[in-house]
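> What follows is a predicted structure for the sequence shown.
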Amino acid sequence: MTKTLEKVQTTDQLPESTTVVIIGGGIVGVTAALTLAERNIPVVLIEKGHIAGEQSSRNLGWIRKTSRHADDVPLALAADKLWAEMPERIGKEVGYKQAGIMFLAKTEEQVAMHEAWLKSVDSLSLDSKMLSTKEIDESVPGGKGDWAGGIYTPSDGRAEPSIAASAIAQAAINKGAVIIQHCAVRTLSTTGGKVSGVVTEKGEIRCEQVLLAGGAWSRRFLGNLGVSLPTLPLVCSVVRTKPMDGPTDIAVGGPDFSFRKHQDGGFIITQRSALDAPLTLDHLLIGWRYLSQLKAQHSFLRPSLGKAFMQDLGLARRWKANQLSPFEKVRVNDPAANPSLNQEALTNLCNAWPVFNNAEIDEEWAGVIDVTPDSNPVIDKIQAIPGLTIATGFSGHGFGTGPAAGQLAADLVSGAEPIIDPSPYRFDRL
Ligand SMILES: Cc1cc2nc3c(=O)[nH]c(=O)nc-3n(C[C@H](O)[C@H](O)[C@H](O)COP(=O)(O)OP(=O)(O)OC[C@H]3O[C@@H](n4cnc5c(N)ncnc54)[C@H](O)[C@@H]3O)c2cc1C
């Protein structure tokens, strides 16, 4: 995890009851808590580790509409507005800047892929446009790459994962939400089949509604309740450089690298064409549901069978409310960064923009991404357990949409008019 993550001071006092309990203090959970607190709905957020300890502080900070599935773009547009308004709403900076995002294509096939995406969002009036090689060279000077073209969306941007969720959590507390860290929710308590509370490692909280925003842990939490949510873990490694002069403020994704400026003047870099896939039992159980994704993206995956498989086997899949849960055993999922992938990213980037030969690495980290079979999240009520709503499975692109996803989840929980049509995120589509 990045050493720059801002920590949040919270209480240890577990309330006896509330209206809504949120499980998980990532970007989705904290924005849902903020929204509910602003609506004067009593809310308690429980986090097993610390706020933004997992994906929400480890991500690249890209806020994009580019390359999203057309059905996912309305959520991204709603999030753009919420990100822009966030500093005023919470009285703190979140590092948001509409600096644009550009994806580069090396081959005509990659150009055609970007063109096909642009066509798929034709009716949405986005500001995305195809770029010629000349336009790329002009926007990002000093390059040596041999690009066939690219796509650029000026209204895309970035925020700083090391401060955003923490600042939002602090604002939620200021507006009346209770947040408890270092406390795992083991399971739900139900009365007459309906949610009536949560059982945490420190005791029970009675409530009317629960929102599960548990990231990569949601599948295990739901599995214990007999609900099967298909998500598989992938691991993405990241490099942060020390402050340096770079070629542009635009976030740039090449075929096998990406970079974007960090607020301290350094760059966040990753190997865009490679993700580690440490195999677990779940890959055997539900891997078949990912066959079409695998066909298109198998060259991106670096599978391995080893420590992660054994560690995962060591975590319970079924447990009772009075037993230690997997969430207490792994407070913060902190996979090791893959130095060879990070080195590949740096080498590929230096070949494309030699100015990065001056880059000095400040830190490296990795994070586990929760991927659904269609790479879109689930934001829905669980019909089998009245009172339970889930917002999870963000498949590696949920930081950008986080504020709108959290608000949508809060809308569903509180019965308010949803911020966008929630139907693309139905659970039963999976
Ligand atoms: C390396 C990397 C790069 C990425 N880059 C981008 C990007 O550039 N742009 C983008 O939009 N997205 C990106 N993503 C994806 C993005 O970070 C996630 O989609 C998003 O942060 C998910 O937020 P979340 O709140 O659902 O989950 P998380 O941030 O993972 O939060 C879930 C929280 O729930 C807690 N929890 C789980 N179970 C329990 C329990 N039983 N009791 C208590 N607490 C519990 C966990 O401890 C965790 O803190 C990236 C992800 C990674 C790892």
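Nice, I can see it.
> number of nearby residues for the residue of the stretch 101-250 of the chain found nearest the ligand?
For the stretch 101-250 of the chain, the residue closest to the ligand is Gly215, as judged by CB to the nearest ligand atom, at 2.5 Å. Every residue, glycine included, has its C-beta placed from N, CA and C. Neighbourhood size, Gly215 [other CB atoms under 10 Å]: 29.
> Make sure it is actually in contact with Glu54.
Yes - applying CB atoms under 8 Å as the test, Gly215 and Glu54 come out as touching, 5.5 Å apart.
> Mind listing the shared neighbours of these two?
Gly26 (CB atoms under 8 Å, 6 or more residues apart in numbering).
> ok, for Gln170, nearest residue in space, not its chain neighbours?
Nearest non-adjacent residue to Gln170, counting by CB to CB, 6 or more residues apart in numbering: Val8, 5.6 Å away.
> Which residues does stretch 421-430 contact?
With CB under 8 Å, 6+ apart as the test, stretch 421-430 has contacts from 69, 71-72, 74-75, 229-230, 372-374, 376-380, 382-383, 390, 408, 411-412.
> Keep only those of these that are in strands.
Among the contacts of stretch 421-430, the members found in strands (DSSP state E) are Val378, Ile379, Asp380, Ile390.
> low-scoring pLDDT stretches of the chain, where are they?
Residues of the chain that meet the criterion pLDDT under 70 lie in 1.
> re the thing from before, out of the ones in strands among the contacts of stretch 421-430, grab the one that's most surrounded.
Ile379 leads those on contacts (other CB under 10 Å) with 30 neighbours.
> thinking again about what came up before, contacts only, for the residue of the stretch 101-250 of the chain closest to the ligand.
Residues counted as contacts of Gly215 (CB under 8 Å, 6+ apart) are Gly24, Gly26, Val28, Glu54, Gln55, Ser56, Asp370, Thr392, Phe394.
> Show only the entries of the residues you listed found in helices.
Members of the contacts of Gly215 lying in helices (criterion: DSSP state H): Val28, Gln55, Ser56.
> Out of the residues you listed, who's the most crowded?
Result: Val28 is most packed of these (other CB under 10 Å), 35 neighbours.
> just checking, that residue touches Gly393?
No - using CB under 8 Å as the test, Val28 is too far from Gly393 to be in contact (10.4 Å).
> Tell me the secondary structure at Val210.
Secondary structure, DSSP: H, G, I helix; E, B strand; the rest coil: Val210 is strand.
> Does it touch Ile23 like I think?
Yes - using CB under 8 Å, Val210 is in contact with Ile23, at 6.7 Å.
> More neighbours: the two, which one.
Shown here are Val210 and Ile23; by other CB under 10 Å, Ile23 has more neighbours (28 against 25).
> what about Val199, helix or strand, and which?
strand 194-200 (DSSP states H and E).
> For that strand, which strands pair with it and how are they oriented?
Looking at strand 194-200 with DSSP bridges, its partner strands are strand 185-191 (antiparallel), strand 203-206 (antiparallel).
> Roughly how far does Ser162 sit from Glu47?
Distance, Ser162 to Glu47, by CB to CB, to the nearest Å: 17 Å.
> neighbour-wise, which of these two wins?
Set side by side, Ser162 and Glu47 show more neighbours around Glu47, with 31 against 23, by other CB under 10 Å.
> how about the strands of the stretch 1-150 of the chain, start to end?
Taking DSSP state E, counting those that start in this stretch as the criterion, the stretch 1-150 of the chain carries its strands at 20-23, 43-46, 62-63, 101-105, 129-131, 149-153.
> Check the stretch 251-400 of the chain too.
Using DSSP E, counting those that start in this stretch, strands in the stretch 251-400 of the chain cover 251-254, 257-261, 267-270, 275-278, 301-304, 361-371, 378-381, 388-392.
> Ok, which of those comes nearest the ligand?
strand 361-371 (2.6 Å).
> so how far is the closest one off the chain centroid?
12 Å (CA atoms, centre = their mean, to the nearest Å).
> all helices for the stretch 301-430 of the chain, in order.
For the stretch 301-430 of the chain, applying DSSP state H, counting those that start in this stretch gives helices covering 307-313, 326-329, 339-352, 398-414.
> Please list the residues of the stretch 301-430 of the chain that sit near the ligand.
Phe327, Gly367, Ile369, Thr392, Phe394, Gly396, His397, Gly398, Phe399, Gly400, Gly402 (CB under 6 Å from any ligand atom).
> right, and the last one touches Gly29 too?
This means Gly402. No - contact criterion CB under 8 Å: Gly402 and Gly29 do not qualify, at 9.4 Å.
> Could you measure from the most far-flung residue of the chain relative to its centre over to Gly387?
What lies farthest from the middle of the chain is Gly192; by CA atoms, centre = their mean that is 34.3 Å. As judged by CB to CB, Gly192 and Gly387 stand 11 Å apart.
> got it, and Ser57?
The gap separating Ser57 from Gly387 is 30 Å, by CB to CB.
> For those two, indicate the residue with more neighbours.
Per other CB under 10 Å, whichever of Ser57 and Gly387 has more neighbours is Ser57, with 28 against 20.
> The more buried one: what's it in contact with?
Ser57 sits next to Met1, Thr2, Leu5, Pro161, Ser162, Ala165 when contact means CB under 8 Å, 6+ apart.
> Now the phi/psi pair for the last one, please.
Ala165 adopts backbone torsions of phi -60, psi -40, taken as degrees, to the nearest 10.
> tell me the contacts of it?
The contact partners of Ala165, taken as CB under 8 Å, 6+ apart, are Gly25, Gly26, Ile27, Val30, Ile51, Ala52, Ser56, Ser57, Gly402.
> what's the most distant pair in the residues you listed?
Largest separation among these by CB to CB: Ile51 and Gly402, giving 13.0 Å.
> Which one of the two is surrounded by more residues?
The neighbour count for Ile51 versus Gly402, taken as other CB under 10 Å, is higher for Gly402 (33 against 28).
> Can you tell me, leaving aside adjacent residues, what's nearest to the more buried one?
Ranked by CB to CB, 6+ apart and with sequence neighbours excluded, the top spatial neighbour of Gly402 is Ile27, at 3.4 Å.
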